[in-house]
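# Provided below for reference: sequence and predicted model.
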Amino acid sequence: MPGPRVLSVGQCGYDHSSISRFLQQSVEAKVDPADSADEALQALRADPAGFDLVLVNRVFDRGGGSGLELIEAIRRDSALAEVPVMLVSNHQDAQQRAVEAGALPGFGKSDLGDPATAGRIRDALGSSGGF
């Protein structure tokens, strides 16, 4: 049985690689990248049940798009509203705004490797049926 599938949006190449490695080691997840909100929404709409979790960078590496705006767009879309979403940011105020917009509590890049982060991701994947 394949592991969970995660869409990682707006990360630079280095961070995508770090996040992918962490998720592969901690939850055996396959991670697909998306550079923009449009690319992420297109991937999600093409296969709404295909992703078990969406990780959204606070500010997209390419183009500077807003991760919070993407979270809001996902929550407004009835076909995608149940997909678990987490913000990737070390900024607690941004994490709070993301939760208020409907995301699960996320994590910062500095938290990669922390067992609590792995547990939070396992919980998110469990809520989606992906783990």
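Thanks, I have the structure now. These numbers come from a predicted model, not from an experiment.

# Poorly predicted segments of this structure, please.
1, 127-131 (pLDDT under 70).

# Can you show me the helices along it?
With DSSP state H as the definition, the chain shows helices at residue ranges 13-27, 37-46, 67-76, 92-100, 115-128.

# and the angle from the shortest one to helix 67-76?
Here helix 92-100 runs at an angle of 10 degrees relative to helix 67-76 (axes from the mean of the first three to the mean of the last three Cα atoms, to 10 degrees).

# Now do the end-to-end distance for stretch 83-98.
14 Å (Cα to Cα, to the nearest Å).

# Quick check: buried residues in that stretch?
Val83, Pro84, Val85, Met86, Leu87, Val88, Ser89, Ala94, Gln95, Arg97, Ala98 (16 or more other Cβ atoms under 10 Å). Where C-beta positions appear, they are placed from N, C-alpha and C, glycine not excepted.

# what sits opposite the fourth one in the beta ladder?
Put plainly, it is Met86. In this structure, Met86 bridges to Leu55, Leu104 when assessed by DSSP bridges.

# so which of the helices of the chain is the most packed in?
helix 67-76 (a mean of 20; mean count of other Cβ atoms under 10 Å).

# Give the other helices and strands that it contacts.
Contacting helix 67-76 under the criterion 3 or more Cβ pairs under 8 Å, 6 or more residues apart in numbering; DSSP states H and E are the following elements: helix 37-46, strand 53-57, strand 85-88, helix 92-100.

# and the longest one, how far out from the chain's middle?
A distance of 13 Å separates the C-alpha centroid of helix 37-46 from that of its chain, computed with Cα atoms, centre = their mean, to the nearest Å.
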